[in-house]
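Pasting the sequence and the predicted coordinates here, then a few questions.
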Amino acid sequence: MASLLALTLSPLASAKVTYADAVKDQSAYNVKMKALAPPPAKGYTATDLADIGTEEWKELYSGNTTSSITIPGNAKMVMVQTSEGSATFPINSGSLTLATVTNTESTCGLSATANAIFTGSQVRGGEQSSSKNCGGHKQSDQRWGSVQAKITIQKVLILK
């Protein structure tokens, strides 16, 4: 049995693979992988953005809100300061979650989660609250639990 296997595999084992064969195989593989790759993002390259000085950041909003702030379509980059931190990203990033905060209340097992998001054209904070009666059958025994989570947008800067 072993000799039959050796006779069957010996032509493959003695086959020579040249450098040219390897390059040809790799080139075919690269073409196939390139066809499967997603298209490049439209917008600005890292080189384009590196050429922009810091003095060109323009303040779009300063305050403390959970409301939507519209980002102009001609912006290249967006910098957002939230109550939970900051994020900088290109305008062509698509939808992003910039920050998340979750608070819990153990007495009643409540939780609340808030997100600060970029929708592709707007930045907005978020808030959520939850409350419920945690027990007690009689009015005098009832207790309420509540929890709140909130993220505010404090500053938005853009590069044009």
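Alright, I've got the coordinates.

Just the mean pLDDT for the helix or strand hosting S86, thanks.
With elements taken from DSSP states H and E, the one containing S86 is strand 85-90. The average of the pLDDT scores along strand 85-90 is 89.

What are the contacting residues of whichever helix or strand comes after it?
Scanning forward in sequence from strand 85-90 by DSSP H and E, the next helix or strand is strand 96-105. Contacts with strand 96-105, where a contact means C-beta atoms under 8 Å, 6 or more residues apart in numbering, come from 80, 82, 84-85, 87, 89, 110-118, 123, 145-151. Heads up, the C-betas are built off the backbone N, CA and C, glycines and all.

isn't N115 right up against G126?
Yes - between N115 and G126 there is a contact at 4.9 Å, judged by C-beta atoms under 8 Å.

shared neighbours, the two?
With C-beta under 8 Å, 6+ apart, N115 and G126 have common neighbours I151.

Run me through the strand neighbours of the strand holding S86, direction for each.
Neighbouring strands of strand 85-90 in its sheet, by DSSP bridges, are strand 77-82 (antiparallel).

relative to strand 96-105, how tilted is the strand it pairs with?
On the basis of axes from the mean of the first three to the mean of the last three C-alpha atoms, to 10 degrees, strand 77-82 is oriented at 10 degrees to strand 96-105.
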